[in-house]
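>>> Structure, please.
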Amino acid sequence: MFFWKQFPQGPCVPNCSCEFMQQSAFILQPYAFWSSLAYVLGSIFLYLQIKNRTFDFKLWTALNILLAFASLFTHASFTKLALAMDFAGIVAVISFFSMMSLTVKLKRSNFSSSLIFFGYYLFLCLAFYSMSKWARIGLCVVIFWLSVGDMVRTMGWGFLKARMFIYSVLVIWISFGFFLLDELRVLCDPHGPIQGHTVWHFGTAFGIYLYGKWRFQTARLG
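Numbers count the residues shown, from 1 in each chain. Predicted structure coming up:
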């Protein structure tokens, strides 16, 4: 019996991406499921390397772990809730530093800041719950560029000289290219161990690791 069928399913089921969906199994897409653990590994490596573990760094790490859980939940179930949590996690990570600067301006305590992020995440989940797939993807891209614009506003153009930042963005956008190929079924092998979506997971996990290392170590020391 398909366990997850008792919950509201994403509209794309059973053909959500290239990987074959094993509808009789508890984990519908095993390759994409297990590759989601790359976000956990990236978070652990970064946590071990950053010595000054401030509140914002710990919150960043928690959001990345939440993103990993949402991705695992998504590729196990493809329920509407899981998909909403997955995209909400992506946006929360993308817009983290903009939201963090807002809480600093509001002079919120660490506890209040945590509540603001929790409320922000719930709002994103509600917003993404009924959106179509391409609307979700488009909104994520828009928020990415808005976040870059906010970096220009707060940091000037100097960050474009930072190699680690450039590498992180290149890795993420190359990975996004594999994500799109997977969604469009280009070079698609539904039963193969290497999928465009698994490359997306490994690539974005590495890109987030590089970006986090730059923001919390290199840029902060600079």
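
>>> What segments of this structure are strands?
For the chain, applying DSSP state E gives no strands.

>>> Can you tell me which residue is spatially central in it?
Most central in the chain under C-alpha atoms, centre = their mean is Ile90, positioned 3.1 Å from the mean C-alpha point.

>>> Test my guess that that one contacts Cys140.
Yes: between Ile90 and Cys140 a contact is recorded at 5.5 Å, counting by C-beta atoms under 8 Å. Where C-beta positions appear, they are placed from N, C-alpha and C, glycine not excepted.

>>> what's around Ile208, how many residues?
24 (other C-beta atoms under 10 Å).

>>> Give me the nearest residue to it, chain neighbours excluded.
Spatially, and ignoring its direct neighbours in sequence, Ile208 is nearest to Gly42 (5.9 Å; C-beta to C-beta, 6 or more residues apart in numbering).

>>> circling back: for the residue nearest to the centre of the chain, what are its contacts?
By C-beta atoms under 8 Å, 6 or more residues apart in numbering, the contact list for Ile90 reads 67, 140.

>>> picking up where we left off before, distance check, the residue nearest to Ile208 against Val169.
Separation of Gly42 from Val169 (C-beta to C-beta, to the nearest Å): 16 Å.

>>> Quick one: the helices in the protein, in order.
Here the chain has its helices, by DSSP state H, at 30-35, 38-49, 55-77, 80-94, 96-105, 110-129, 133-155, 163-183, 196-213, 219-221.
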